[in-house]
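1. next comes the sequence, and after it the predicted model I'd like to discuss.
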Amino acid sequence: MAAAGAWADPPPSANVQAVARANQRIAQHQTEVDHLQKDVGQQEVASHEAAERLQQQDRTIAELRQQLKAAQEAAKPPARH
């Protein structure tokens, strides 16, 4: 029955080391997740700010078009009948 010993549980020190390595990997992954979440948050803020700038530009363009149309209308000679 010596072969049965080869399939026995590893010694407790090996389990402790395996758990320690797993915990270290978990901590590293959590740090990476935290960093990625921060990056996503910054990108969301930048995207929101860019969207606001585009909306402001759209409003400015619409206002300028109205002013141009009004100026063109004012510059037209009166219609002759």
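-> Looks like it came in fine. Note that this is a predicted model, so its numbers are computed, not measured. Numbers count the residues shown, from 1 in each chain.

2. what's the distance between E49 and R59?
-> 16 Å (CB to CB, to the nearest Å). Glycine gets a C-beta too; all of them are placed from N, C-alpha and C.

3. over to A20?
-> In terms of CB to CB, A20 sits 59 Å off from R59.

4. cool, and R25?
-> From R25 to R59 the distance is 51 Å (CB to CB).

5. where does this protein dip in pLDDT?
-> Applying pLDDT under 70 to the chain picks out residues 1-8, 10, 81.

6. show me where it has its helices.
-> Taking DSSP state H to define them, one finds helices in the chain at 2-6, 12-75.

7. so how far is I61 from A79?
-> From A79 to I61 the distance is 29 Å (CB to CB).

8. re earlier: which of the helices of the chain is buried the deepest?
-> Scoring those by mean neighbour count under mean count of other CB atoms under 10 Å gives helix 12-75 as the most buried, with a mean of 10.
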